[in-house]
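Engineer: Take this sequence and fold it.
(one chain, ligands or ions: 2)
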Amino acid sequence: MKVLACGVCRTDLHVVDGELPNPQVPIIPGHEIVGRVDAIGAGVIELHMGERVGIPWLGHTCGVCPYCVRHRENLCDHPLFTGYTRDGGFATACIVDARYAFPLGEIGDDVALAPPLCAGLIGWRSLAIAGEGQNLGLYGFGAAAHILTQVIRWQGRSVFAFSKIGDTVAQKFARSLGATWAGDSTEIPPQLLDAALIFAPVGNLVPLALKAVRKGGRVVCAGIHMSDIPSFPYRLLWEERQILSVANLTRRDGIEFLSLAPQIGIVSKTTSYPLKQANQALADLRAGRFEGAAVLLP
Ligand SMILES: [Zn+2]
Ligand SMILES: [Zn+2]
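Structural biologist: Ligands and ions are numbered 1, 2, ... in the order given. I've put the predicted structure just below:
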């Protein structure tokens, strides 16, 4: 595939920082790839030359382990992940398994389509795990939350956005996207939440989010890595509150989300960098120097 654009995700930072176990080294990061088919291997019938496709985090699954056969390929025992255990999209071209490529059609801008390939797809899975509640809290208002806010609003539900303490820029950004309320992560929202989704890699947020959810509410950890969760009084978990994590995605998650995305009309706010400034993009993500998502252009 020729790479047209590749989003920069917090997971890329975790890979580069060596915070994830057993990476392939050396590795080319990047798992929000919009590209065009440039050559096709023997036996590939799913794609055609020149077709625009999206390549997500899930790069390969075994198809035969107990998780794969029970429609939970996100938990496959022998997976490959794009930009982590197989080379990704911080490149001018890449090789992918056609079965894990999503046709994107020709509507929409290459840059705008890149961030939803992770934030949207894994966000979609996180939303399903969060359940049917009306009031959803999003902790950490970056690339994933800004896309997910639009999805939640489109579903007619309410978003409560939690940022770093005093980050009024992020809070204003959240309100501009339709959040009902935005405040600091230490605040208790005006209404208790049915579920909280944590996107920031900060374990301290787990007990804070437990305080903000109602009885029976869920706290969903949506990131691949998090600092240690501090101990907390059992009463925060009592009354059937739940803590869950979301791992990876299935192809079904991707197909569902990408079929709805045009109806939702997701606008992704992006900051573009030339490929050779990939390290700058990662540094800016680490420092929170842009709103929305960074995208690399080869
Ligand atoms: Zn990602
Ligand atoms: Zn498997």
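Engineer: after the helix or strand containing residue 169 comes which helix or strand?
Structural biologist: Under the criterion of DSSP states H and E, residue 169 resides in helix 168-176. For helix 168-176, the succeeding helix or strand toward the C-terminus, using DSSP H and E, is strand 181-184.
Engineer: okay, now residue 15: neighbour count?
Structural biologist: Under the neighbour criterion other C-beta atoms under 10 Å, residue 15 is assigned a count of 26. (C-beta placed from N, C-alpha, C; glycine too.)
Engineer: Ends of stretch 56-68, what's the gap?
Structural biologist: Here the two ends of stretch 56-68 are set 18 Å apart, with distance taken as C-alpha to C-alpha, to the nearest Å.
Engineer: related to what we said a few turns ago, which elements pack onto the helix holding residue 169?
Structural biologist: Helix 168-176 makes packing contacts with helix 143-154, strand 158-163, strand 181-184 when contacts are defined by 3 or more C-beta pairs under 8 Å, 6 or more residues apart in numbering; DSSP states H and E.
Engineer: In TSV, list those along with distance to residue 273.
Structural biologist: TSV is the format used below for the helices and strands packed on helix 168-176 (distance: least, C-beta to C-beta, whole Å):
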stretch	distance to residue 273
helix 143-154	14
strand 158-163	24
strand 181-184	27
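Engineer: and of these, who's closest to ligand 2?
Structural biologist: Closest approach to ligand 2 among the helices and strands packed on helix 168-176 (C-beta to the ion): helix 143-154, 25.3 Å.
Engineer: Just the buried positions in the closest one, please.
Structural biologist: Applying a neighbour-count criterion of 16 or more other C-beta atoms under 10 Å, one finds 143, 144, 145, 146, 147, 148, 149, 150, 151, 152, 153 buried in helix 143-154.
Engineer: dump the residue contacts of the fifth one.
Structural biologist: If you count contacts by C-beta atoms under 8 Å, 6 or more residues apart in numbering, residue 147 has them with 115, 116, 119, 120, 123, 266, 268.
Engineer: now with 6 Å?
Structural biologist: Residue 147 makes contacts with 116, 119, 120, 123, 266, 268, as judged by C-beta atoms under 6 Å, 6 or more residues apart in numbering.
Engineer: My impression was that residue 54 belongs to a strand - is that right?
Structural biologist: Yes - residue state for residue 54 (DSSP: H, G, I helix; E, B strand; the rest coil) corresponds to a strand.
Engineer: shift numbering so it begins at 428
Structural biologist: That works, and once the first residue is 428, the last one we named lands at residue 481.
Engineer: If we ignore the residues flanking it in sequence, what's nearest the residue nearest the centre of the chain?
Structural biologist: Among the residues of the chain, residue 546 comes closest to the average C-alpha position under C-alpha atoms, centre = their mean, at 2.7 Å. In space, and not counting its chain neighbours, residue 546 is closest to residue 571: 3.9 Å by C-beta to C-beta, 6 or more residues apart in numbering.
Engineer: The one you found and ligand 1, how far apart?
Structural biologist: Remark: distance between residue 571 and ligand 1 (C-beta to the ion, to the nearest Å) = 8 Å.
Engineer: Please apply the same query to residue 431.
Structural biologist: Relative to ligand 1, residue 431 is positioned 18 Å away (criterion: C-beta to the ion).
Engineer: residues near that residue, how many?
Structural biologist: Other residues lying near residue 431 total 20 when counted by other C-beta under 10 Å.
Engineer: Contacts only, for it.
Structural biologist: Neighbour list for residue 431: 461, 462, 537 [criterion: C-beta under 6 Å, 6+ apart].
Engineer: Using pLDDT, spot the least trustworthy of the buried residues of helix 570-581.
Structural biologist: Among those, residue 570 carries the weakest pLDDT, at 84.
Engineer: rewinding a little: for the residue nearest to residue 546, list the residues it contacts.
Structural biologist: Residues in contact with residue 571, defined by C-beta under 6 Å, 6+ apart, are 546, 550, 626.
Engineer: check those against ligand 1, which are close?
Structural biologist: For ligand 1, no contacts are drawn from those by C-beta under 5 Å from the ion.
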